[in-house]
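[1] I'll drop the sequence and a predicted model, then ask my questions.
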Amino acid sequence: MADILLIHGAWHGGWCWNATAAALRAMGHRVACPDLPDAPDTTLADCAAALPAMDRPLVVGHSMGGMVAEALTTPARLLMHLCSYLPLAGDSLATLDRLLPAPPRHWPRDDAGRLILPPDDARRMMYHDCTDAPVAALRPQPVGPMRDRLAVRRQITRHYVICDHDRAILPALQRAMIDRAGVDHVHHRPWGHSPFLSDPQGLARLIDAAA
């Protein structure tokens, strides 16, 4: 039995982990899947500081949640990056997005300056292999966690799950980040960007095996 902390990515909330968390709890694990703060002035440090205290958890970061996982300063058992951003010290999500040539993404903003992901883009990038596309649950995303740079990269065991059919963070970018930053274990799965929805049981089994 392990303490497991599941960190969601941009535009999402802890709700996205519900099925995976239920499967992990059925395996005997203690699981937390909190909402990251979404105030307009939220920073990467704010996100890390808002996470609950757990006893040396296995930390899973999805997408932008990988940046938050790396910014944690409390002791953890290991970090698992799930098709997520994998920074070195000094990197931000924005700088990692530029590792490989790609057309720039320009998202609309709300009145507070937070980024809005249009439903059609969410369906295309994140949910193309999911039965349900929960676009109504998505919320505005503060720019701070995407813009802020990681201060320090600590020594810890890292796993990376490459999602081979990801359309949000392309597998080529995932591999480029791994080649650059290094991890201890690499897993390939035939998933898109949201395996917590497309295959929550399979994702839970992978996390359980790492635990």
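    Looks like it came in fine. Residues are numbered from 1 along each chain as shown.

[2] Send me the helix or strand hosting residue 95 as PDB with only the CA atoms.
    If you go by DSSP states H and E, residue 95 is part of helix 93-97. Taking C-alpha atoms only, helix 93-97 is exported to PDB below (Å, rounded to 0.1, in the frame of the first residue of the first chain):
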ATOM      1  CA  LEU A  93       6.600  24.600 -20.000                       C
ATOM      2  CA  ALA A  94       6.800  27.300 -22.600                       C
ATOM      3  CA  THR A  95      10.500  26.700 -23.300                       C
ATOM      4  CA  LEU A  96      10.000  22.900 -23.500                       C
ATOM      5  CA  ASP A  97       7.300  23.400 -26.000                       C
END
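
[3] How about the residue nearest the centre of the chain: which residues does it bridge to?
    Closest residue to the average C-alpha location of the chain: residue 62 at 1.7 Å, with C-alpha atoms, centre = their mean. Beta bridges link residue 62 to residue 82 when assigned by DSSP bridges.

[4] Next up, the contacts around it.
    Residue 62 sits next to 6-9, 12, 16, 82-84, 196 when contact means C-beta atoms under 8 Å, 6 or more residues apart in numbering. C-betas here are computed from N, CA, C, even on glycine.

[5] where exactly do the helices run in this structure?
    Using DSSP state H, the helices of the chain run over 18-26, 44-49, 65-71, 93-97, 119-125, 144-147, 171-181, 195-198, 200-210.
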